Every structure is written in structure tokens, then in C-alpha cells.
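Peer 1: mind folding the following:
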Amino acid sequence: MKNGARKRADGAGLPSESGNSRAESGEKEADAFEPWRVRLFGEFRAERHGRKATFGLKKAANLLAHLVFHLGETVSKERLVESFWPDSDSEKGRHSLRMAASSLRSALAAPDWNPEVHLPSTRDTLEASSCGFVTDVQEFRAHLAAANSIEDPSSKACHLRAATGLYVGPLLDGFAEEWIYPQSLPLEESFAQAACELILIQAQEGDLAGAAGLGKRAIALCPTREDLHVALMRAYALAGETSMAIQQYEELERMVDETWGEEPGKAAREVLESLPRTAIAHVRADTIAPESPSPGFASKPPTRRAAFFGREAELGLVRQQLSSEDGFRLITLIGLGGFGKTRIAEEARIESFDSFERRSWMVSLLGCRNEDEVQEALMAPFEGLPQRVSDPVQVVGARIGSQPGLLVIDNCEQVLREASAVVEALLANCPKLRILATSRVPFGLPYELAVPVGGLPVPSEGTDLETLLDSPIVRLLANAAQCVRPGFAVTPDNARGVQALCAMLEGIPLAVELAAAQLGTLSPAELVGAIGRRTDLADNDRRIESRHRHLRSVLEWSVHQLPAEEQKALAKLSVCRGSFKRDLAEAILGSRSDKALNHLSSSSLVSWSERSDTLRFCLLETVRELGQRLLEKDAKAKKDACAALVRWATHLTEGIHQVESHSEASLWAELVSTETVNVLAALQACVDGVVEPEEAWKLAFPLVQLCEYRGWAQPWIRAIESLLEATRERLSQATLSQAHATLRLLYYNLRDIRNAHRHITSAVRAADEDGSPLLRGRCRSSFSVTASLLGQFEEAQRAATEAMELLLVAGEPVSAARSALFYGWVVFDRGDEVESEPFFRRALELGESSGDTETIGSSLLGLACSVGHRSHPDAQPIFDRALEQMQELGKPGQLGHSYFYRSLIDYRHGRLRAAMENFAESVMAFTGAGIALGQTPLTIGGTILAALGRYDDAALCWGRAEALRESHGMTMFPTQQRDFDREFPKVQNALSEEGLRRSMRAARSATDEEIREMICRAVRAVRA
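Peer 2: Take a look at the predicted model:
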């Protein structure tokens, strides 16, 4: 037993003695022990002395499975962490591994079974010893190896029988870890090969019952393996059981048709053809039921052309209508070409064939151009009708008669008027006839049920592999890909690319099948990058109908059927992104927007959904691309549509100027957030020069208010940076200054202080060029904040002083108050807390004289901090007033600042529980609004956690804060540094200097969500 008594370095498990004598005794002791028997095939189980192991943590069972699968091998802890806790940082993952290993040892420990011997660990590895465990996989492989080394059939059969008996199901059936699937495939392959070999040996030895029993069990375990069916057919043939061989072939035939839409392979056909021909004819005559209905009045049974995936909702609705006496007699599947309407109709016909007494017919109007061709197509599926009749519809109606029947009419949109006349006549003359039609537009008849057919559901990003494999769109992709790359499968390695590809193709079955044709030379992820416009997808495969070989041609047909005005409307609406409301359509199309939307919706080119009592419309991205192609051909229409989009977006964002209360402002922010993608599209139109630069910035400036109420800066930065780059040379100095100030606030919201300071510095220069005291003062006021955060206290103090003077001259008491406020914070943050009080009082005085809620609240917060530095009780009522103001204001960023500064004062007076509660409120306010956690709250939070003895959590906060400071060129405020220096040695002593540094380095990649979860745990612990 190598390393049997290694001393543990990670703290998991029981302490052990060191030395060779202990290791040797451990080996001798282990030899006498009964090992744990672990079953890995099928349902996971570990047993010893009749006792089944139970695990307190599911991850403990998963860990044992992984270790014993690699029995006798040392497994890297880093590899285990990556496998089981892929989203955790290294330190957190190792902690979780220690917990799982400890739980595992507890579950397996016994007086005569020492976990320290049989689950040895070093600092970097774990191992399951081969003397402590036995697995069915280990024995399975041993029997196969023995069988392969033996020539004698009887001896070989003994080992093959033992091996196949051990395989009772897939490796770790029910476990979802990514490492399992790749390991399960070769084991299944080995089982199938062994089963095939043993079936043949048993048949040759005359044991047909044994061969048949093994064959049926193997097929039940691996139902889609053709080689097992072939082996069983050969066994029956050797035994002279021709009928059984043919029945097995028919079972195989059904399986491959239902699974892949194909026929059995060459090996199966060769076995079938080797059987006596008379026996084949006799058996087929006995086993295949004749078509009993008389000619002409019934139809041939429909066959499934290819595998069918999903569509449970559409099929369920059609099934319910067809089976109900009160159901609609005309059901029309409507949708764009390539969405699978024909396949749904075919599947519905197959399902309902017997319920209509085998009286079911399918008519295709593909290629029909007039009434005569429609009537000719109508007669095609009815046998025995005269070739020339004066009224084909009447003749067909007479043939259908008054008995129940189902008529499927495909591709009606090409001759809608003629098809409508046929439908009306047949339904009038055949009282029990049901018609299921497919069309890109409905007939518009009063007794028609139109069933929309959209794309297949697309799995969301991050969907687990098991769910992905159950998705109809993924199964369709995999099935289609196997035509060009046999053996293609969705695996943990390509799952993310498969999901992205299905999402890009919007669940359109035709798009998926065309894309799958390119997977012969590209991976799914590579194909996502290779596809330009979705409408460019094409396939030259002649098995695909010519009308479906190019996605663009399928969609263009629908568009070309529209009147010219509707085509123009579709083109103009392509400037919209995502979904849009009626008001945007009206802004782009004018008074005829309702008519256009109705027409485009009935043509399946525009879809709609109802959200919160509001109707929203949407173009599939595939359709929008086609609309853009049309728009590119009409420069004037494109300019008009884009200009209308900009006017609409500007009217929307400038709505902030009309609000009269904070609740109205919140409603405005919610409205703009809902329309984010369309406002971004409008900004891009501004970048493209659709409107004059000054007009463009009227759209952009109000977005600052949106970020203050929603804290959602990330989507806007790139668009507004692009707008600034495109317009800076043509802007007035005043507008240029405001543009830089806008970007300063957006970057500040993300705590990107370096870029925020870069933009406010440019804003100050432009304001000085403009010369407006008001603009110069406001820019200097903002400059003082970022300068302070970068540790430039002298520059910050000078800018705040200049700002107050300029703003008082400009007659702006609110702006002057904010400058005084910023000055106070500069003084406070540099460590002169007491000296900051007069500045906060001055800011409060100016704020109260103007009645500005935000200034009053911020001034009260600063005053509470300066007062709280010397007296905790005196500060509490001031904090309460500040929080009331901030809650009324409704800006989560301001509320978050209020809570974390209150937590700082609580900490300094030893009120640690209150400090933790208030800091948690701060984190919830920030993260709930999507505002990034900055280095200041993270540093304060780490200090509080350290004081509470939560050293790992403190290191997490400090490490993330340190990363932010380095990334953005910031420094720790002196006032924070004092508190940090007080607590840092405690954490260093608890974790060791190297341990603390390692934890802080690992924390640098922590997300705000992870920190939020950690804070929630800490609060619960403190409360407990």
C-alpha cells in the first residue's frame, strides 16, 4: 500500500501517525479486511458485511465514485475541484473537497476498516486503495481481459458470461457529473461486443435460450445498438428459428426508423437474405396484417419519413380537436416555411389513422398555380377515380361520403383562394370530414382554428447536459448531424457550442437541418462563428426538397407574396431590435401601422406576445435580417425609419424631464429599461449620422438618470463611447463637456475609477473652453470625487473649493451644496473625520434651503459619519433621517452608500452585529440594482468580518478590493487604512501570512454574486 500512512496536510479526515512501521502494519491490517464492494454499473451502491453505505453529502457519494473508478491511482485534488466545483475559486473548492472527503470517511469508517489507510491523502492528491475497495467495473475489465487471452470457446464463455452479468446499466446511471459520460461510452461498447460474442458462442453450443435471454437483456440495456439485434438474428438463424430471426429484423427495422429515420444496415440485411426465401415469404404473409378496407374508400397507412422531435403542444391541440365531436372541422397549421408544419401534419395523420377507420388522405398543393391543378392534386390520393371528371371536388366529396375521414392539405398558401373553395365545398358535403391544412397564412374562414407553428424551444445558456439531451431542437440537430458525421453526439465538450448554435438559429427546424449539414467539417462552436447571416444557410443535398435548400429562398417566398406597401413596412420595422410596442411601430410606419402589423402577423412574419397587459410584437432575427436586406435597397426608406427610431427613443428618454415625483421617475426608468435594445439601436443610428450630433446627445444624456435609478451602466457605455467618437469634432464645448461627464458617471457606476477620472478630466477642459461658471463648477465638483478615490487629495480639495465658488457665483445652491458635500468627503476619507463636519453642515444648510432631497440625504449621511466618529448615540438619529431621505429618493446606489457608511461607524464603536446587518443591507442594495461593489464597501466589509472572526470571508472581501484598486489605479483611503491595519494582523495570524495572501489572490476573481451569498451566510451565522 503506497503512501498508506501519509500525514494529512489539508485537514480532512482523521489524524494519522507517521513512519514506515505504521505503514507496514496498515498494509498487513488491510490484507485481512473485507473491502467495500462498490457497484458503478447502473444504480450506485457501496456495501460491506451486508451494510449499505449512506452519505450525508451527495458530493461524498460522487467523490467515492470518482476515486474508485480510478482505483489505486492518485487523483489530483485540483482535478477533483475542477470536476465537482467548477464555479468555485481554488480555496473555496478545496474547502468543499475537504467537507466531502470528511463526510465520505465518516460514512465508510468501521472498527476493522481504517479510512486513513484505504483513502490516503496528501496535500495535493486523494486515492482509493485497491485493497480497501472492489468494484464491478474492475471485475468487468478483468473478465474481458481474461476472455481475450483464451482461445477455448467454453472457457472464454465463462468469462464473457461473468462480464456481461456485471453490466446491469450505464456507468453511474442517474449521476450528472461531466466526467462520467466519456467514460461510459467505451464500457458500453465493451459490453455490447462481449454480448455479441457470447450470444454466438451460446448459439453454436446449442443454448438458444441462453443466447436469446442475453440478447434481449442486452438490447434492453442498449436499445439503439444494431449489432446486438444482428447477433440475435444470427443466433436464431443458427438454431433454424427463421421466423424468430425475421421478427428480430422487424424489431430492428422499427427501431432504426423511429430513432434515425433510416433502414437497417448491411449486416442485418445480409443475415435476412441468407434465410430461406420461402420462409421469409411465409412469415411475412402471416405476420403483416392485410389492408382490410375496400379499394378507394380507405388509404394506405402513412409512414414516418424521418425521426420526429418535440411539438407536443401543437400535436396535443390537433389531437384534442380531431378526437372531439365538438372540435373544429378545419384546423390550419400556420407559420413560415421551414418551421415544420408539414411534419406536424404528417405526424398527426399517423397518430389518428386508426381512429378515422383508416380513412385518411394527404394532398400536396406544392407547385399548383391554378384551380385545375388544385383539383388534379386533390384527386391524386384516391384510387379508382376516373381520370377526367367535370367536377373533381364533387367526385372526391362523394367518395369520402358521410363516414368519418381526415383530409390533410399541405402548402395551401400558394393557391389560397382555390384551396379555400375546395375546403368549403368538401366540409359542406361531407358532414364527418375533418380537414387539417398547412399554410403560411390562414384561410380566414369562420369555422377555422388557426394553430401557430413557431420555432422549437431553445435551451437557455448554462442548461445542464441531461436537460440539453432531452431538448427536441438539440435532438434534431444531433440526428441531422449524423448524416454528415456518423457518430456525432452532444457531449460535455461541445454542449455549450450546441446550445449557442440552437439559440442562434432561433429553433427553426429548417435552419437547424441546414446548419447541421456543415457539422461534417466544423464543431458547433466553430459553426456559430462561421455563420454570417442566418438567411445565408444553404445545403446542396439533393435529398432535401429544392424549395428548402436555402433558408433565404424559403423566407423570401413569404415576403414576395406581400403587397409592395407591406414589404416596405417589414423592411422599415427591421430597424427595431427584440420586441417592440405599437407606439414604436406607429412612429416608424405612421397611421397605417395597425393595418401593417395585422397583415404581417397573419403572414407569420411578425409574432406577438402579451406581457403585463401590454401587447408586444417581434420579428425573428432571421426575418429581421431579410427585412434589412430589403431596406438596404431603399436609402430614403432606411434613413426615414432610423430617424423615426431616434425620435421615438429621444421622446422616451427625455420623459425624465416631465416626472414630478420619485415614484414617477422609477416608472420611467422601468419603461426605458424594457426598451433597452431599441434605445441601443437608436444610439447606433446616431453613430451612423442619421441625425445631427447635438440632437443625438439629447437622446444620450438622460440615460445617466436611468443608471442612477437602475444602476445598469454596462449596456450603454460602448454605445455612448462610439457616439462620442463619431461626433466629438462637431460638438459645442458645452455639449462635449456634458458628454464626457455622462461617461464619467457610467464608468463610476461600474467602479472603473480610472476611466471615470479620464472622462471628467476631459469634461473640465471642455467646460473651461466653454467658460460657463455653472458647467465649470459642476465638472470640478465631480472631478473632486474621482481624484479623491485615486488618492489625489490635494487636487480633490482644490477642485471642490473652486467648484463651490463657481456654483455660488452661478446662483446654483444645490450644485454648490454638492461641492461642499464632496469637499467634506475628501476631508473625511483622508482621515480627518472631525474636520469634515463643518463642510457637511454647510452642504446640509444649502440643501435644505433649496429643498433638494438627494442633497439633503447625502449631507445628512456625511454629517452622521463625522458626528458618529466621536459619538455613536448622537449619530443614530442623523443616520435614520439620511436613510429616510434616500429611501424616498429611490436610488439604490445612494441607499447602498448610506448603509455601508453606517456599518463603518457601528464597527468603530464595537457594534459588530449592527455593523454586519447594515453592511449586508448595503450589499443587497448594490447587487440588487446591478451596481458593482466598489473597493470602499469591500474593504469596510472585510474589516467588519475580520472583527467578527470570519477570517476567510474577510480575505475574500479584501482580495476583491485589492484587485479593483490595482485594476483602476486606486488607493485605499487613509480612514479605511487605519481600520484595515487594525484587523489585518488577526487574519494573518489565523490563516498564516502565506495562507492569507493565497486566499486574497484566489478572491480576485470572485463575483459580486458570490460575495453577496457569502454575506448572507455571515449574517445568518451572526444572528444565530
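
Peer 1: from the centre of the protein, point out the most distant residue.
Peer 2: Most distant from the centre of the chain: S390, at 59.1 Å, with distances by CA atoms, centre = their mean.

Peer 1: okay, it: pLDDT?
Peer 2: Confidence at S390, expressed as pLDDT, is 80.

Peer 1: can you give me the strands in the stretch 551-700 of the chain?
Peer 2: 579-581, 607-611, 614-618 (DSSP state E, counting those that start in this stretch).

Peer 1: next, format these as TSV and append mean neighbour count and distance to L630.
Peer 2: Every residue, glycine included, has its C-beta placed from N, CA and C. Below are the strands of the stretch 551-700 of the chain laid out as TSV (neighbours: other CB atoms under 10 Å; distance: least, CB to CB, whole Å):
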stretch	mean neighbour count	distance to L630
strand 579-581	20	18
strand 607-611	12	19
strand 614-618	15	18
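
Peer 1: ranking the ones you listed by mean pLDDT, which is last?
Peer 2: Across these, strand 607-611 gives the lowest mean pLDDT, at a mean of 77.

Peer 1: so where's the stretch 251-400 of the chain shaky on pLDDT?
Peer 2: 276-300, 303-306, 387 (pLDDT under 70).

Peer 1: about what we covered before: what does the residue farthest from the centre of the chain show for phi and psi?
Peer 2: phi -80, psi -30 (degrees, to the nearest 10).

Peer 1: where's it relative to Q375, distance?
Peer 2: Separation of S390 from Q375 (CB to CB, to the nearest Å) stands at 11 Å.

Peer 1: okay, the strands of the stretch 551-700 of the chain in JSON lines with distance to A843 next?
Peer 2: Below are those laid out as JSON lines (distance: least, CB to CB, whole Å):
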{"stretch": "strand 579-581", "distance to A843": "42"}
{"stretch": "strand 607-611", "distance to A843": "43"}
{"stretch": "strand 614-618", "distance to A843": "42"}
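
Peer 1: out of the ones you listed, nearest to E962?
Peer 2: Nearest to E962, of all the strands of the stretch 551-700 of the chain, is strand 579-581, at 42.3 Å by CB to CB.

Peer 1: counting by contacts, list what the closest one packs against.
Peer 2: Counting contacts by 3 or more CB pairs under 8 Å, 6 or more residues apart in numbering; DSSP states H and E, strand 579-581 packs against strand 614-618.

Peer 1: what's the angle from the strand it packs on to strand 607-611?
Peer 2: 150 degrees (axes from the mean of the first three to the mean of the last three CA atoms, to 10 degrees).

Peer 1: show me what strand 614-618 is packed against.
Peer 2: Checked by 3+ CB pairs under 8 Å, 6+ apart, strand 614-618 has strand 579-581, helix 582-589, strand 607-611 packed alongside it.

Peer 1: in this structure L860 contacts L889, no?
Peer 2: No: L860 is beyond contact range of L889, at 11.7 Å (criterion: CB atoms under 8 Å).

Peer 1: need the strands for the protein, in chain order.
Peer 2: All strands of the chain, identified by DSSP state E, fall at 36-39, 45-48, 51-52, 74-76, 125-127, 133-135, 330-334, 360-364, 405-410, 433-439, 448-452, 579-581, 607-611, 614-618.

Peer 1: spit out the contact partners of the closest residue to A955 other than its chain neighbours.
Peer 2: Spatial nearest neighbour of A955, excluding adjacent residues (CB to CB, 6 or more residues apart in numbering): S999 at 3.8 Å. Residues in contact with S999 (CB atoms under 8 Å, 6 or more residues apart in numbering) are 91, 952, 955-956, 959, 991.

Peer 1: then V785?
Peer 2: 748, 796, 822, 825 are the contacts of V785 under CB under 8 Å, 6+ apart.

Peer 1: look up how far E833 lies from it.
Peer 2: For V785 relative to E833 (CB to CB), the value is 18 Å.

Peer 1: residues contacting C430?
Peer 2: Contacts of C430 (CB under 8 Å, 6+ apart): 397, 400-402, 405.

Peer 1: for G26, give me the pLDDT.
Peer 2: Confidence score, pLDDT, at G26: 40.

Peer 1: and for the closest residue to G340 other than its chain neighbours, the neighbour number?
Peer 2: Leaving aside its chain neighbours, G340 sits nearest to P509 (4.4 Å; criterion: CB to CB, 6+ apart). Using other CB atoms under 10 Å, P509 is surrounded by 25 other residues.

Peer 1: one step back: the more surrounded of L860 and L889?
Peer 2: L860 (26 against 20).

Peer 1: how near is that one to V814?
Peer 2: 15 Å.

Peer 1: likewise for E262?
Peer 2: E262 is 76 Å from V814, by CB to CB.

Peer 1: looking at those two, which is more packed in?
Peer 2: The neighbour count for E262 versus V814, taken as other CB under 10 Å, is higher for V814 (16 against 13).

Peer 1: and the more buried one, how far is that from E888?
Peer 2: Counting by CB to CB - V814 and E888 are separated by 17 Å.

Peer 1: follow-up on the earlier one: now render the contacts of S999 as CSV, adding pLDDT.
Peer 2: Putting the contacts of S999 into CSV (pLDDT from 0 to 100) gives the following:
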residue, pLDDT
E91, 78
D952, 91
A955, 91
L956, 91
G959, 90
L991, 88
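
Peer 1: what residues sit buried inside stretch 478-498?
Peer 2: Within stretch 478-498, the residues scored as buried using 16 or more other CB atoms under 10 Å are 478-483, 488, 490, 494-498.

Peer 1: quote the end-to-end distance of that stretch.
Peer 2: 9 Å (CA to CA, to the nearest Å).

Peer 1: where does this protein dip in pLDDT?
Peer 2: In the chain, residues with pLDDT under 70: 1-33, 56-57, 276-300, 303-306, 387, 532-557, 611-613, 662, 708-713, 968-969.

Peer 1: so it: which segments form each domain?
Peer 2: According to automatic domain parsing, the chain comprises the domains 20-131, 139-287, 312-452, 465-552, 562-633, 635-656+665-758, 930-1023.

Peer 1: I1015: which of the buried residues of stretch 478-498 is nearest?
Peer 2: Of the buried residues of stretch 478-498, the one sitting nearest to I1015 (CB to CB) turns out to be R496, at 30.2 Å.

Peer 1: roughly how far does the closest residue to F488 other than its chain neighbours sit from A516?
Peer 2: Closest residue in space to F488, ignoring its immediate chain neighbours: A481 at 4.1 Å, by CB to CB, 6+ apart. A481 sits 4 Å away from A516, taking CB to CB as the criterion.

Peer 1: repeat that for P524.
Peer 2: Distance from P524 to A516, by CB to CB: 9 Å.

Peer 1: quick check: neighbours shared by these two?
Peer 2: Residues touching both P524 and A516 (CB under 8 Å, 6+ apart) are L477.

Peer 1: in stretch 207-224, which residues are buried?
Peer 2: So stretch 207-224, judged by 16+ other CB under 10 Å, has buried residues 207-208, 210-212, 214-215, 217-219, 221-222.

Peer 1: tell me the most packed of the contacts of V785, by neighbour count.
Peer 2: Most surrounded of these: other CB under 10 Å gives F822, at 28 neighbours.

Peer 1: got a list of what that one touches?
Peer 2: By CB under 8 Å, 6+ apart, the neighbours of F822 are 781, 784-785, 788, 796, 800, 803.

Peer 1: swap the cut-off to 10 Å and go again
Peer 2: 780-785, 787-788, 796-797, 799-800, 803-804, 839, 843, 858, 862 (CB atoms under 10 Å, 6 or more residues apart in numbering).

Peer 1: now D391
Peer 2: Per CB under 10 Å, 6+ apart, neighbours of D391: 375, 397-398, 425.

Peer 1: are any of those buried, and which?
Peer 2: The buried subset of the contacts of D391 (16+ other CB under 10 Å) comprises 375, 397.

Peer 1: any chance of the contacts of D391 in CSV, plus distance to A696?
Peer 2: Formatted as CSV, those follow (distance: CB to CB, whole Å):
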residue, distance to A696
Q375, 60
G397, 65
A398, 70
A425, 60
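
Peer 1: before I go, just wanted to say thanks for your time.
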